[in-house]
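**Q** Below: sequence and its predicted model.
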Amino acid sequence: MIKLLVGLGNPGRKYEKTRHNVGFMVIDELAKKLKLKDHQEECLSHVYKVKVGGREVLLAKPQTYMNNSGIAVVNLLEEHDISPEEMIVIYDDLDLPLGRLRLKLEGSSGGHHGIESIIKEIKTEKFPRLKVGIGRPKDKHQVVSYVLSPFSKDEEQILYAVLERSRECLMRCVELSPEYAMNFCNAPVVS
């Protein structure tokens, strides 16, 4: 039973629309759809609370910067007595093209520093995650500037569809289960 959705990103206007902040964007999209206006500041995160099926679900955006996401996540889990299996982490993935999502129930960090931080702090790889494809730059030496750059105008059209599908995927995970939602979430958003 999912009780916590954590979107990864970096706080501040400078990073707001960058590829690395797609986890924040998904949480914002979900909060907008659920008509959640105000977040609370707690556990080093911006947290929205909503009732789904009679139980409280938290939507969180850690404010500790991407590479220290685990500090906020461990605080959220401990403060709200939530196990790692009851959380889904949403983040950008260079190995998936824009327009693809991948829901996984567990796994390694795959080199993503935000996920590395979470695994280090909560001491397990066993938590569901939704990877949002952002594609790779042509030049592998450009990865840092690429993830910290905004989506292009052409990419924004695809991004809109991705955010909608991500929102629907997460609602299915919360209302039913990640296992149930997997086929829907992993189908191509755009071909």
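**A** Yep, it's here.
**Q** Quick one: the helices in the protein, in order.
**A** Using DSSP state H, the helices of the chain run over 22-33, 69-79, 113-122, 143-147, 153-175, 178-186.
**Q** most packed of the ones you listed?
**A** helix 22-33 (a mean of 22; mean count of other C-beta atoms under 10 Å). Heads up, the C-betas are built off the backbone N, CA and C, glycines and all.
**Q** CA atoms of that helix as CSV?
**A** Output of helix 22-33 as CSV, limited to C-alpha atoms (Å, rounded to 0.1, in the frame of the first residue of the first chain):
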residue,chain,number,x,y,z
VAL,A,22,11.2,16.1,-13.6
GLY,A,23,10.4,14.4,-10.3
PHE,A,24,9.3,17.7,-8.8
MET,A,25,7.3,18.4,-12.0
VAL,A,26,5.4,15.1,-11.6
ILE,A,27,4.6,15.9,-8.0
ASP,A,28,3.4,19.4,-9.0
GLU,A,29,1.2,17.9,-11.8
LEU,A,30,-0.3,15.4,-9.3
ALA,A,31,-0.9,18.1,-6.7
LYS,A,32,-2.6,20.3,-9.3
LYS,A,33,-4.9,17.4,-10.5
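**Q** in the chain, which segments are predicted with low confidence?
**A** 191 (pLDDT under 70).
**Q** Just give me the residue right at the centre of it.
**A** Of all residues in the chain, the one closest to the mean position by C-alpha atoms, centre = their mean is Ile90, 1.6 Å from it.
**Q** Please verify my assumption that that one contacts Leu4.
**A** No: counting by C-beta atoms under 8 Å, Ile90 stays clear of Leu4, with 11.1 Å between them.
**Q** Tally up the residues packed near the closest residue to Met87 other than its chain neighbours, please.
**A** Once flanking residues are discounted, Met87 sits nearest to Leu4: 4.2 Å by C-beta to C-beta, 6 or more residues apart in numbering. Summarising burial for Leu4: neighbours were counted as other C-beta atoms under 10 Å, giving 23.
**Q** if we can go back for a sec, would you list the helices of the chain in JSON lines and tack on distance to His46?
**A** Rendered in JSON lines, the data for these read as follows (distance: least, C-beta to C-beta, whole Å):
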{"stretch": "helix 22-33", "distance to His46": "8"}
{"stretch": "helix 69-79", "distance to His46": "10"}
{"stretch": "helix 113-122", "distance to His46": "16"}
{"stretch": "helix 143-147", "distance to His46": "21"}
{"stretch": "helix 153-175", "distance to His46": "17"}
{"stretch": "helix 178-186", "distance to His46": "23"}
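**Q** Among those, which comes closest to Pro137?
**A** helix 143-147 (4.0 Å; C-beta to C-beta).
**Q** Output the closest one in PDB with nothing but the alpha carbons.
**A** C-alpha atoms of helix 143-147 as PDB (Å, rounded to 0.1, in the frame of the first residue of the first chain):
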ATOM      1  CA  VAL A 143      25.700  15.100 -19.000                       C
ATOM      2  CA  VAL A 144      25.800  17.600 -16.200                       C
ATOM      3  CA  SER A 145      24.900  20.600 -18.300                       C
ATOM      4  CA  TYR A 146      22.300  18.500 -20.100                       C
ATOM      5  CA  VAL A 147      20.400  17.400 -17.000                       C
END
